[in-house]
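Enquirer: Dropping the sequence and predicted coords here.
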Amino acid sequence: MGAWEQAFVLVFQPYNILVMLAASLFGLFVGAIPGLTATMATALLVPVTFFMPPIPAIAAIVTATAMAIFSGDIPGCLMRMPGTPASAAYTDEAYAMTRKGQAETALGAGLIFSAIGGLFGTAVLIVAAPSLAEFALKFSSFEYFWLVLLGLTCAVFMTSDRPLKGFVSLLLGLLIAAVGLDNPAAFPRFTFGSTEMMGGLGMIPLMIGMFAVSEIIRYAVDTNPPLRITDKPLGNVFKGMWSLARKYPMQVLRGSVLGTTVGALPGAGADIAAWMSYAISKKFSKEPEKFGTGHVEGIVESGSANNSALAGAWIPALVFGIPGDSITAIIIGVLYMKNLNPGPTLFTNNPQNIYAVYLLFIIANIIMIPLGWWCIKVSKQILKVPRNILMPVIMLFCVVGSFAINNTAFDVTVMLVAGICAYVFEENGFPIAPAILGVVLGGMLEENLVSSVIKADGSVLAFFTRPVAGTLAALTLAVWFLPLLMRRLRRLAGVQVA
Amino acid sequence: MKFNDAVWGALLLLFGIVILIHVQSFPKMPGQHVGPALFPGIIAAGLAVCGILLVLKGLATRRAARGDAAAWASFAPWTRDGHYVLALALTIGVNVFYILTVDRLGFIVVGVVYLAVLFWVFGVDRRWLLPIAIVVTLGIHYAFYKLLKVPLPWGILQRFIY
């Protein structure tokens, strides 16, 4: 049996289909509730996927995230409150359309162009990942060291307008990764004599804490009055979509390309893709003055961008084990748990698993259209779910989920502390995404640094002499120093710096 | 609670220095120049440098700003409302309660208390507090204990094990 046939068999098992359907409903629900994000959906799914075979586990996450990114548009459109951060860029626009009585067009555009963007990102994943993997087979520790460093650098500069605070967050994440025995000398670091900390701090409890518990704390101290849902009835969401697709083909393409690229860059995910895409759409539009008044063009472009970013983020995750966004950071943890260690050998040794991932992406983005349509229909009921009941239930679920990975109460403590820290740090303007990348990549960075230093035997030059390593090094240093240099040049030229 | 960047910077600087001192006690790998101290050492140095930069930045903002923005620490509106402070304390408190007592009292008892307390502070209708808490706890217990085989502790309900 060929690898593709095996992949089909893996994906089209009744159990897997059932998992995908359940995960879709879960994703649509989580995305549609403001305050519950796609990353949180992933973190909550992990304890459950822990008990599944590899392909259904990945299927659950792929479908749930795709659905959640789309359904985040719904409360944005109906209540002016984005369901996930990825929809925040065009929430005002969508709400303005609702007030003009065009809610169904805004939601329809969100749905259809989400699916198109998702399929575009998948196509790029299918084409780009295997050839990158072939290239990556020749990488040594020097290349991997620079690659991880470049990834982390991008994460700091992409996720925040305050790179300094992003950098602090990243360093703290790397430090968390250093806890325990898992280092080149197997020496217990920062364990304070505790046997539980010898194994390091569990990735899953950390993520559940950072992305779910912190949101519940935020809910507990949220003083804003509850939002009102618009009571206008919704028409046919598919009406006029074909003409939109014909009117804005360039926007869809541009949004998808930008989304996939931003997604593939480590650290930046669907939310940043949507913001950038919305801004670009406005800049190149023939009618920029209509933006903000209920104009669908920006929704078309950034709606395709945020879903294509999801697939794009998988490219570096699968090929190098470097997550493209915080969702794939969690997924990399799941891949390791399932013995599907990411890296170029995944493509040569087990191609059927990779092909299965491609199929899952395609299916998820296609079933999104009927399921999303149904979700829009029942959205007013979903938005009426009382949050004062939902939030405590989610937090108890987090507790049990953290416990379930290793069956120890210590992991619940890790989750709680991570949640409180994430809340305090975010309140003070430190972004969280770089920290999670640091946690995921810390081990890999240290391993490649130490083995490179040993191989180089005291010579700094060895880090730059291999051609690919040298190029990656130059790129990394450029990202670090170009902004500084540009500022200096601009100041010299006497131009006012904003 | 928001602190001026200089406060964070000072904390980070101190933290970085403590780690730098601590890693000096790590052993070397035999025959190598590098050891387990290298990586955390670099990170700690980075944290200390960031700390210094944040202190400078924080002081600059303080000098430039007046009134609220110049304060060392500022408090969000919820900190002046007893209800929200209680909600925050209980949100964290129920988790501490869970961690400390779940082995002795068992998941079902602790879970019901956990949910009921949070429902109460978030303003769920009193008549429904306990019924919902019990149903949800039993549901989560069934899903994880029966379906996923997670050994959630029984505690004082040991006799009713199923």
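Expert: Sure thing, it's come through.
Enquirer: so who does A:Met40 touch?
Expert: A:30, A:211-212, A:215 (Cβ atoms under 8 Å, 6 or more residues apart in numbering or on different chains). C-betas here are computed from N, CA, C, even on glycine.
Enquirer: Report pLDDT for it.
Expert: We have a pLDDT of 87 for A:Met40.
Enquirer: That one is in what secondary structure piece?
Expert: When elements are assigned from DSSP states H and E, A:Met40 belongs to helix A:38-49.
Enquirer: how far is that helix from where the chain is centred?
Expert: Its chain's C-alpha centre and that of helix A:38-49 lie 12 Å apart, by Cα atoms, centre = their mean, to the nearest Å.
Enquirer: Now do the helix or strand following that helix: distance to the chain's middle.
Expert: As assigned by DSSP H and E, the chain's next helix or strand after helix A:38-49 is helix A:54-71. Between the mean C-alpha location of helix A:54-71 and the chain-wide mean there is a distance of 12 Å, by Cα atoms, centre = their mean.
Enquirer: Stretch A:403-422 now?
Expert: Here the centre of stretch A:403-422 is set off from its chain's centre by 22 Å, with Cα atoms, centre = their mean.
Enquirer: tell me which residues in it are buried?
Expert: With burial defined by 16 or more other Cβ atoms under 10 Å in any protein chain shown, the residues of stretch A:403-422 counted as buried are A:403-405, A:409-422.
Enquirer: I'd like the average pLDDT over that stretch.
Expert: For stretch A:403-422, the mean pLDDT works out to 91.
Enquirer: outside of it, which residues touch it?
Expert: Contacts to stretch A:403-422, defined as Cβ under 8 Å, 6+ apart, come from residues A:46-47, A:50, A:196, A:201-202, A:204-214, A:216-217, A:398-399, A:402, A:432, A:435, B:92, B:95-96, B:98-99, B:102-103, B:144, B:148, B:150-152.
Enquirer: and those residues, which are buried?
Expert: For those, a neighbour count by 16+ other Cβ under 10 Å gives the buried set as A:46-47, A:50, A:196, A:201-202, A:204-214, A:216-217, A:398-399, A:402, A:432, A:435, B:92, B:95, B:98-99, B:102, B:144, B:148, B:150, B:152.
Enquirer: Per the annotation, how does the chain divide into domains?
Expert: You didn't pick a chain, so chain A it is. Residue ranges for each domain of chain A read A:3-465, A:466-498, as given by automatic domain parsing.
Enquirer: should've been chain B
Expert: Residue ranges for the structural domains of chain B, counted by automatic domain parsing, are given in the record as B:2-74, B:79-160.
Enquirer: Could you see whether chain A lies near the longest one?
Expert: Yes. Domain B:79-160 lies in contact with chain A when judged by Cβ under 8 Å from any Cβ of the partner chain; the contacting residues are B:81, B:84, B:87-88, B:90-92, B:94-96, B:98-99, B:102-103, B:107, B:111, B:114-115, B:118-119, B:121-124, B:132, B:136-137, B:140, B:144, B:148-152.
Enquirer: Pick out the shakiest of the domains of chain B, pLDDT-wise.
Expert: Going by mean pLDDT, the lowest-scoring of the domains of chain B is domain B:2-74, which has a mean of 85.
Enquirer: Between its first and last residues, how far does that one reach?
Expert: Its first and final residues considered, domain B:2-74 spans 5 Å by Cα to Cα, to the nearest Å.
Enquirer: What of stretch A:456-476?
Expert: Using Cα to Cα, the end-to-end distance of stretch A:456-476 comes to 20 Å.
Enquirer: Which residues belonging to that stretch are considered buried?
Expert: Buried, per 16+ other Cβ under 10 Å, within stretch A:456-476: A:463-464, A:466, A:468-469, A:472-473, A:475-476.
Enquirer: With stretch A:269-281 instead?
Expert: A:269-278, A:280-281.
Enquirer: do the same with stretch B:133-144
Expert: Within stretch B:133-144, the residues scored as buried using 16+ other Cβ under 10 Å are B:133, B:136-137, B:140-141, B:144.
Enquirer: Filter those down to just the ones in helices.
Expert: B:133, B:136-137, B:140-141 (DSSP state H).
Enquirer: Please identify which pair of the residues you listed lies farthest apart.
Expert: Checking these against each other with Cβ to Cβ, the farthest-apart pair comes out as B:Ala133 and B:His141, at 12.2 Å.
Enquirer: joint contacts of these two?
Expert: Common contact partners of B:Ala133 and B:His141 (Cβ under 8 Å, 6+ apart): B:Gly111.
Enquirer: Which secondary structure element is home to the residue lying farthest from the centre of chain B?
Expert: Seen from the C-alpha centroid of chain B, the residue lying at the greatest distance (Cα atoms, centre = their mean) is B:Gly31, 41.1 Å away. Using DSSP H and E, B:Gly31 maps to neither a helix nor a strand.
Enquirer: Report the separation between it and A:Ala185.
Expert: Summarising the geometry, the distance separating B:Gly31 from A:Ala185, computed by Cβ to Cβ, to the nearest Å, is 12 Å.
Enquirer: Which parts of chain B are helices?
Expert: B:5-23, B:38-64, B:82-105, B:107-121, B:129-141.
Enquirer: Could you identify which of the ones you listed is most buried?
Expert: With neighbours defined by mean count of other Cβ atoms under 10 Å in any protein chain shown, none of the helices of chain B is more surrounded on average than helix B:107-121, at a mean of 22.
Enquirer: Can I get it in PDB, CA atoms only?
Expert: C-alpha atoms of helix B:107-121 as PDB (Å, rounded to 0.1, in the frame of the first residue of the first chain):
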ATOM      1  CA  PHE B 107     -12.500  14.700  43.500                       C
ATOM      2  CA  ILE B 108     -16.300  14.700  43.700                       C
ATOM      3  CA  VAL B 109     -16.500  16.500  47.100                       C
ATOM      4  CA  VAL B 110     -13.800  19.000  46.200                       C
ATOM      5  CA  GLY B 111     -15.200  19.500  42.700                       C
ATOM      6  CA  VAL B 112     -18.700  20.400  43.900                       C
ATOM      7  CA  VAL B 113     -17.300  22.900  46.500                       C
ATOM      8  CA  TYR B 114     -15.000  24.300  43.800                       C
ATOM      9  CA  LEU B 115     -17.800  25.000  41.400                       C
ATOM     10  CA  ALA B 116     -20.400  26.100  43.900                       C
ATOM     11  CA  VAL B 117     -18.100  28.700  45.400                       C
ATOM     12  CA  LEU B 118     -17.300  30.200  42.000                       C
ATOM     13  CA  PHE B 119     -20.900  30.100  40.800                       C
ATOM     14  CA  TRP B 120     -21.800  32.000  44.000                       C
ATOM     15  CA  VAL B 121     -19.200  34.700  43.500                       C
END
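Enquirer: Can you give the contact residues for that helix?
Expert: Taking contacts as Cβ under 8 Å, 6+ apart, the residues outside helix B:107-121 that touch it are A:220, A:388-389, A:391-393, A:395-396, A:399-400, B:86-87, B:90-91, B:93-94, B:97-98, B:101-102, B:126, B:128-130, B:132-134, B:136-138, B:140-141, B:145, B:152-157.
Enquirer: Compute the inter-axis angle for that helix and helix B:129-141.
Expert: Orientation note: helix B:107-121 sits at an angle of 140 degrees relative to helix B:129-141 (axes from the mean of the first three to the mean of the last three Cα atoms, to 10 degrees).
Enquirer: what angle sits between helix B:107-121 and helix B:82-105?
Expert: Taking the same axes, to 10 degrees, helix B:107-121 and helix B:82-105 form an angle of 170 degrees between their directions.
Enquirer: which residues does the closest residue to A:Arg99 other than its chain neighbours contact?
Expert: Computed as Cβ to Cβ, 6 or more residues apart in numbering or on different chains, the closest residue to A:Arg99 that is not its neighbour in sequence is A:Gly294, at 6.9 Å. Neighbour list for A:Gly294: A:93, A:96-100, A:102 [criterion: Cβ under 8 Å, 6+ apart].
Enquirer: Near chain B, which residues of the stretch 251-400 of chain A are found?
Expert: A:386-389, A:391-393, A:395-397, A:399-400.
Enquirer: and which of those residues is nearest B:Ile19?
Expert: Among those, and counting by Cβ to Cβ, the member closest to B:Ile19 is A:Val399, at 30.4 Å.
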